[in-house]
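J.: with the sequence up front, the predicted model follows.
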4 protein chains.
Amino acid sequence: MHHHFTPDRYYNALGPYAPALTVESGDTITTDTVDARGFDRDRKQIATRGNPMTGPFAIEGAEPGDALAVRIIQIEPSRTYGFTTTSVAPHCVDPGYVPSLPANDLVDWEIDPVAKTVRHAGPRPGGMPELVLPLDPMLGCFGVAPARQQALSTATSGPYGGNMDYRACRAGAVLLFPVSEPGGLFFLGDAHAVQGDGEISGNGVEISTRTTVELHLLKGYHLEWPRLIDQDGIATIGNARPLDQATQHATTEMLRWLIQDAGLDATGASLWLQQCVRYDIGNIFDPAYTMACRLPRAYWPPALRESEVIRRFA
Amino acid sequence: MHHHFTPDRYYNALGPYAPALTVESGDTITTDTVDARGFDRDRKQIATRGNPMTGPFAIEGAEPGDALAVRIIQIEPSRTYGFTTTSVAPHCVDPGYVPSLPANDLVDWEIDPVAKTVRHAGPRPGGMPELVLPLDPMLGCFGVAPARQQALSTATSGPYGGNMDYRACRAGAVLLFPVSEPGGLFFLGDAHAVQGDGEISGNGVEISTRTTVELHLLKGYHLEWPRLIDQDGIATIGNARPLDQATQHATTEMLRWLIQDAGLDATGASLWLQQCVRYDIGNIFDPAYTMACRLPRAYWPPALRESEVIRRFA
Amino acid sequence: MHHHFTPDRYYNALGPYAPALTVESGDTITTDTVDARGFDRDRKQIATRGNPMTGPFAIEGAEPGDALAVRIIQIEPSRTYGFTTTSVAPHCVDPGYVPSLPANDLVDWEIDPVAKTVRHAGPRPGGMPELVLPLDPMLGCFGVAPARQQALSTATSGPYGGNMDYRACRAGAVLLFPVSEPGGLFFLGDAHAVQGDGEISGNGVEISTRTTVELHLLKGYHLEWPRLIDQDGIATIGNARPLDQATQHATTEMLRWLIQDAGLDATGASLWLQQCVRYDIGNIFDPAYTMACRLPRAYWPPALRESEVIRRFA
Amino acid sequence: MHHHFTPDRYYNALGPYAPALTVESGDTITTDTVDARGFDRDRKQIATRGNPMTGPFAIEGAEPGDALAVRIIQIEPSRTYGFTTTSVAPHCVDPGYVPSLPANDLVDWEIDPVAKTVRHAGPRPGGMPELVLPLDPMLGCFGVAPARQQALSTATSGPYGGNMDYRACRAGAVLLFPVSEPGGLFFLGDAHAVQGDGEISGNGVEISTRTTVELHLLKGYHLEWPRLIDQDGIATIGNARPLDQATQHATTEMLRWLIQDAGLDATGASLWLQQCVRYDIGNIFDPAYTMACRLPRAYWPPALRESEVIRRFA
């Protein structure tokens, strides 16, 4: 079933809130998201600043111990205006270099949905040439209600997803999250028209969108950190500080996945991964950093290709 | 001029040692490297374990304050045998997962120089299918003598290069290093037939090679961390622990490079980099981790394309 | 006024929950806390495992922007039984040492309230002599409702306090917290009969208690991280991972305090602190580590001694 | 035997240099150290800036696998002038606070060897009262030649000691280092008249000294990180970044020591340490941070008191 949902309230935390809509496994939802400061398609502020979330969406029958699969069908910018701030963040450069960073002002960007571009629209400092990037919309913050009935700010992320700010979370990707609350309770928002690795200024080109997702329930499918399937391969996502710990989480989850679904034992998983592994930085700006551990399709063991999760979602 | 150099001693540290050979800027050197445990093309141990280095090569006229550019012309495996060890390293997984890691034994790999492949050659644990990877030779440890007359173990890395274990250090890449000693004193070794991101088992497929490099002196060219130019774009390389600090070094060096050579001021450099930046993990195994901050060619400001360094080496 | 409060429910998160009791600034509350696993004075489990909290207590008139001062009057063990677990935690030792750690079982300890001792009560491994420590009760987890209406697990800590596991939080100490919710909403629990620095096994000797606190409202007193006043001096408390970041938070907050209350400018605060500062580790076990930055009484600037906060609470 | 040694050259790295003097185990050496910038008792620069070292001193018969014990007999300031720099270091505060730090100038301090005080001697910013601290001389940088014939800058530290900047390295303390080079090769310098925890401005009150040490050889005594014995108890010292890793090294070394010399097995060592442990920060300024893991005398197991190392040196 395809639902069209118009939000009338937004959340600045992912938590055990009452579902805005309950759907069946396999259903599709098209809805609207506001930008990171709560501004909508008309550049009107309708939600509180700080990654206000659309949702939550409950999925019938989801219980703790299950997984929720979210296929991102489409992320369509709902306006041509986007913004970032000027400066690379102080904690992303050497401490002694911080006084050399510029002032941190709002910067305008212009999305051209026909040309599929994102153009820096000023102000433009002396000497800076035109900067036009390919449009590549993604969701910065999305996920499910966290464990232990916590309500966690949309500034941060964890095993439940959240503000991962990972460029690969674009249309075509499937994300798997561990369910902690009945219904799972899926939230989404904080879309970017484009984003560099690491979100080093603290923002991608921040936009409002119309977004379509498809939600699937995986009964009893165990995972400890978000997993991703896309055209490049599979990935596991660790969210923590420092980046070393995020990397440990992601790597460990990938070993677990290979043992769970690729017919490998502990020795085989170590051997397989060591020379095939790739890493992507999601963000190095938020309270929890995000690292993805990847296994490209070219290196998938045959048993992984035959696993149920891959056959359903890859 | 093209030199053919046959090493008769090896170093397990990068330091202010007497040059094995002195060359002119622009000269090419073809030489041999042994593997990480000191074994040569005949699988005979001829050097002390721990990334023994060939060199050092001095470049005529190089002085502190200059830069040394090293173009990697070719890295040719000099035997068909390679090795790794079984297990992902304890510090690359969650601390609580360490007891689940397998025993850490030597593992054989076979290089096929005609088919251009690297094949896992055993022992093969139950359930593990055949694993054949594309041959992609790289230098794990290379660089110049460090500052302050230090002699630093080939286990680690720093502003002078060293054991960076970064996959992009393959034929075709140009690396720039800051000169600290007269002559620069270039060392190389620790080649891998292929390596995953992060070198998470502590090794790529370790091989001996015949390697050819071209050395260029850049008088008065200032840089604080290694820089790289290849077909994908430019990169700056930070080496430190934790990974957060390596990332800060790399990002700061990229901002400096954009201000130095791309006609941007501090504001322009921040604006330019924030949505264009990419990161690559070199290694997360060695005492210093390695992170590369990249600006892909598609996003090069016009002035950067016209800079002397890019025109000479890109 | 002195309130006696008997809890009838417990919380496993600090959040914007309805007050269990509302008091006036200056009032005293005597109440009961259960142990980290929810067991009470009769060793009966009456609350859910994971640092269940007594409270929350609202203070009349407290608003965001104010501070709440909590004087710990008394922490009295309400039973003679305490527990820890055997092993130092995997993330507190070198990753390669993890397989050498022992099994992690429950360990009994016996509190003697007359002799004021805590005795290891077994099981006792071969060769281990008797171990008797001085009784030194403290609160492991306490604080106020966090910002942004979050509900944060009692496993972790932040600017609002929480699971800091800092030995100095004993009777006689005064803690200051920034108020984020109306009433402040003070929670407490997770008491330890004694604890080593760092809580490296993940527990102090875990006990239930009868605890008495005095609550004071400081209208408009600005602070960003918890502050502490005790007989040794003043401290600021940073909670984060890695420990480096917790230390940065604590040090920064101390500089702010010296500028705010000790008549020093930025230069004076830096000069004063650099040779006088002391650091205490709270915990290096929890998701956020805790570091305290201290200025001993012997080194207090005269203006600090005259500040309102010190005159009221020191 | 008591040697009086007048240095005629200084080293800015700890490395496998020719001994300046060779002594017998048990001998005492009285010698001079210059300050961190190479200035001597007459405020004349006689050595290169950056913790120039006196030594190295070889001990007859010391071989890799042995330990060197250094008892600090006396550290006597050889002039009344000391210096620091103004500002807390950028990497010791929150990155966003860096622009609020003051300019970083040289600051004079005055040592009064009779009153045993160290007085801030200016310049004094507005509002700053007089600051007089107790004289508490310590060695900032000292240790033995590192492993693998490295020569490591006196800016940093490691298993061999080096620039640990730990306040407990005062007269009365005994330090144990692992020997890596024949003779051990002991270096010392970088003394401070007083220092705060962490050396957060990058300096204690930097002085030249006349220092007396007693050197002892411990044949075959195995240790992996420096150990310390003083009137407070025993400590193990980890040097690394981040602070988390330094702490892991120190904690692991303490577990090893308890198993080696206190009659405890792995279970007993974990149980013993968990509630008795204390931590001291050495420095959080240098390239490698320093953390000490302590077991106070009151908590020493009886077998430890009877161990050879404790009986000889405690």
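T.: Received it, and whenever you're ready, just let me know what you need.
J.: how about the nearest residue to whichever residue of the stretch 51-200 of chain A sits closest to chain C, chain neighbours excluded?
T.: Residue of the stretch 51-200 of chain A nearest chain C, by Cβ to the nearest Cβ: residue A:151 (4.3 Å). Any C-beta I mention is one placed from the backbone N, CA and C, and that applies to glycine too. Using Cβ to Cβ, 6 or more residues apart in numbering or on different chains and skipping residues adjacent in sequence, the residue nearest residue A:151 is residue A:15, 2.8 Å away.
J.: for that neighbour, give me its contacts.
T.: Residue A:15 makes contacts with A:145, A:146, A:149, A:150, A:151, A:152, C:150, C:151, as judged by Cβ atoms under 8 Å, 6 or more residues apart in numbering or on different chains.
J.: just the strands from the stretch 201-314 of chain A, written as ranges.
T.: For the stretch 201-314 of chain A, applying DSSP state E, counting those that start in this stretch gives strands covering A:206-207, A:209-218, A:227-230, A:233-240, A:278-281, A:289-296.
J.: residue A:167 reaches residue A:195, doesn't it?
T.: Yes: counting by Cβ atoms under 8 Å, residue A:195 is a contact partner of residue A:167 at 5.3 Å.
J.: look up how far chain B lies from the residue of the stretch 51-200 of chain A closest to chain C.
T.: Separation of residue A:151 from chain B (Cβ to the nearest Cβ, to the nearest Å) stands at 26 Å.
J.: do residue A:149 as well
T.: The gap separating residue A:149 from chain B is 24 Å, by Cβ to the nearest Cβ.
J.: now for the closest residue to that residue other than its chain neighbours, how many residues are close by?
T.: Sequence neighbours aside, residue A:16 is the residue nearest to residue A:149 in space, at 5.0 Å (criterion: Cβ to Cβ, 6+ apart). Using other Cβ atoms under 10 Å in any protein chain shown, residue A:16 has 17 other residues around it.
J.: mind listing what residue A:16 touches?
T.: Going by Cβ under 8 Å, 6+ apart, residue A:16 touches A:145, A:149, A:151, A:181, A:185.
J.: could you dump those to TSV with secondary structure and distance to residue A:254?
T.: Converted to TSV, the contacts of residue A:16 look like this (DSSP: H, G, I helix; E, B strand; the rest coil; distance: Cβ to Cβ, whole Å):
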residue	secondary structure	distance to residue A:254
A:145	coil	25
A:149	helix	29
A:151	strand	29
A:181	coil	26
A:185	coil	26
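J.: now those residues in TSV, with neighbour count?
T.: TSV is the format used below for the contacts of residue A:16 (neighbours: other Cβ atoms under 10 Å in any protein chain shown):
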residue	neighbour count
A:145	29
A:149	16
A:151	22
A:181	23
A:185	27
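J.: out of the residues you listed, who's nearest residue A:103?
T.: For these, the closest approach to residue A:103 (Cβ to Cβ) belongs to residue A:151, at 34.1 Å.
J.: residues in contact with the closest one?
T.: Residues near residue A:151 by Cβ under 8 Å, 6+ apart: A:13, A:14, A:15, A:16, A:17, C:15, C:149, C:150, C:151.
J.: so how far is residue C:47 from it?
T.: Residue A:151 is 20 Å from residue C:47, where distance means Cβ to Cβ, to the nearest Å.
J.: likewise residue A:4?
T.: Taking Cβ to Cβ, one finds residue A:4 at 44 Å from residue C:47.
J.: so for these two, which sits in the more crowded spot?
T.: A side-by-side neighbour count of residue A:4 and residue C:47, using other Cβ under 10 Å, places residue C:47 first with 22 against 11.
J.: what distance separates the start and the end of stretch A:3-16?
T.: Using Cα to Cα, to the nearest Å, the end-to-end distance of stretch A:3-16 comes to 22 Å.
J.: nope, stretch A:82-89 is what I meant
T.: Terminal-residue distance, stretch A:82-89 (Cα to Cα): 19 Å.
J.: for it, the averaged confidence score.
T.: Averaged across stretch A:82-89, the pLDDT comes to 98.
J.: also stretch A:67-76?
T.: Averaged over stretch A:67-76, pLDDT sits at 98.
J.: contacting residues around that stretch?
T.: Here stretch A:67-76 makes contact (Cβ under 8 Å, 6+ apart) with A:28, A:59, A:62, A:113, A:137-139, A:142, A:144, A:169-179, A:184, A:186, A:191, A:209-218, A:221-223, A:309, A:312-313.
J.: now, those residues that are in helices?
T.: A:309, A:312, A:313 (DSSP state H).
J.: and which of the residues you listed is nearest chain D?
T.: Looking across the ones in helices among the contacts of stretch A:67-76 and measuring by Cβ to the nearest Cβ, the closest to chain D is residue A:309, at 34.6 Å.
J.: around chain C, pick out the residues from the stretch 151-300 of chain A.
T.: A:151, A:152, A:153, A:155, A:240, A:241, A:242, A:245 (Cβ under 8 Å from any Cβ of the partner chain).
J.: okay, and for the stretch 1-150 of chain A, where does confidence drop off?
T.: The stretch 1-150 of chain A contains no residues with pLDDT under 70.
J.: that one: helices as residue ranges?
T.: Applying DSSP state H, counting those that start in this stretch to the stretch 1-150 of chain A gives no helices.
J.: kindly report the residues of it close to chain B.
T.: Residues of the stretch 1-150 of chain A lying close to chain B (Cβ under 8 Å from any Cβ) are A:84, A:86-88, A:91-95, A:97, A:100-103, A:107, A:118, A:120, A:124-129, A:131, A:133.
J.: just to revisit the earlier point, so how far is residue C:38 from the residue of the stretch 51-200 of chain A closest to chain C?
T.: With the distance defined as Cβ to Cβ, residue A:151 ends up 21 Å from residue C:38.
J.: could you do residue A:113 as well?
T.: Remark: distance between residue A:113 and residue C:38 (Cβ to Cβ) = 55 Å.
J.: who has more neighbours out of these two?
T.: The neighbour comparison of residue A:113 against residue C:38 (other Cβ under 10 Å) goes to residue C:38, with 19 against 14.
J.: returning to that earlier point: which ones among the residues of the stretch 1-150 of chain A next to chain B are found in strands?
T.: Judged by DSSP state E, the residues of the stretch 1-150 of chain A next to chain B include A:84, A:107, A:118, A:120, A:133 as members of strands.
J.: let me know the closest of the residues you listed to residue D:253.
T.: For those, the nearest to residue D:253 is residue A:84 (47.1 Å; Cβ to Cβ).
J.: how close does that closest one get to residue A:194?
T.: Using Cβ to Cβ, residue A:84 is found at 10 Å from residue A:194.
J.: need the overlap of contacts for those two.
T.: When contacts are counted by Cβ under 8 Å, 6+ apart, residue A:84 and residue A:194 are jointly contacted by A:204, A:205, B:275.
J.: now for the closest residue to the last one other than its chain neighbours: which residues touch it?
T.: Which is residue B:275. In space, residue B:275 comes closest to residue A:196 once its chain neighbours are excluded; the distance is 4.6 Å by Cβ to Cβ, 6+ apart. Counting by Cβ under 8 Å, 6+ apart, residue A:196 touches A:167, A:204, B:273, B:274, B:275, B:276, B:277, B:278.
J.: next: residue A:14.
T.: By Cβ under 8 Å, 6+ apart, the neighbours of residue A:14 are A:53, A:56, A:143-146, A:151-152, A:154, A:160-162, A:185, A:187.
J.: again, 7 Å this time
T.: Going by Cβ atoms under 7 Å, 6 or more residues apart in numbering or on different chains, residue A:14 touches A:53, A:143, A:145, A:146, A:152, A:154, A:160, A:162, A:187.
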